[in-house]
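S.K.: Just to be clear, the model below is a prediction. Sequence and coordinates:
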Amino acid sequence: MVKILLFMTGFTYIWFYIKNIKGTKEMLTGQYYPTIDANGRLAFPAKLREELGERFIITRWTEDCLVAFSEEEWKITCEKIRNSSYTNAIDMRRYLFPYACTVEPDKQGRVIIPATLREHIGITDEVVIVGNMDRAEIWVKEKWNEIQQELTADIFYEQLKELGI
């Protein structure tokens, strides 16, 4: 079931209301353009906070972005790492866990992004928070724009064909 709540191509907010296949939880979707203040406080979008829960985990991720997991999805991710081969697991553990932190939004919906994570991806003030199914990604705005320019309709079409869609 898909209900378009707001769709403004090229503008600040794009979000969709999509029920996942199980029908029990909404997927994290949309693009949001908050700023981060000098104290590392980031206004996390209400729609994403609703899905991530009262507390969620933020850590570093691939392609120079940060990721936010609900506590439930974080446990699933940890279990997959725990069950992977030792060689792969040790590298993943060293990459993710030293930087992982549990955050709890304040009354204004802001979370504090630790300095180590801000420095890791080069956050100064402008960021993009992107819903990505079961997680939210936090990008430096310029890096997100570069990645979006690389993603073409042809690439998307080929990936859809591979999935049989």
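M.R.: Thanks, I have the structure now. Numbers count the residues shown, from 1 in each chain.
S.K.: which regions of this structure sit below the pLDDT cut-off?
M.R.: Residues of the chain that meet the criterion pLDDT under 70 lie in 1-25.
S.K.: ok, now how distant is Thr116 from Tyr157?
M.R.: 39 Å (CB to CB, to the nearest Å). C-beta coordinates here come from the backbone N, C-alpha and C atoms, glycine included.
S.K.: and if you look at Gly122?
M.R.: Gly122 sits 32 Å away from Tyr157, taking CB to CB as the criterion.
S.K.: now do Tyr32
M.R.: Using CB to CB, Tyr32 is found at 27 Å from Tyr157.
S.K.: which of those two has more neighbours?
M.R.: Comparing Tyr32 with Tyr157 by other CB atoms under 10 Å, the one with more neighbours is Tyr32, at 21 against 11.
S.K.: Surely that one and Ile129 touch.
M.R.: Yes: counting by CB atoms under 8 Å, Ile129 is a contact partner of Tyr32 at 4.5 Å.
S.K.: what residues are shared contacts of the two?
M.R.: Taking CB atoms under 8 Å, 6 or more residues apart in numbering as the contact rule, the neighbours common to Tyr32 and Ile129 are 45, 48.
S.K.: how about the helices of this protein, start to end?
M.R.: Assigned by DSSP state H, the chain shows helices spanning 46-52, 71-82, 86-96, 115-121, 141-150, 153-163.
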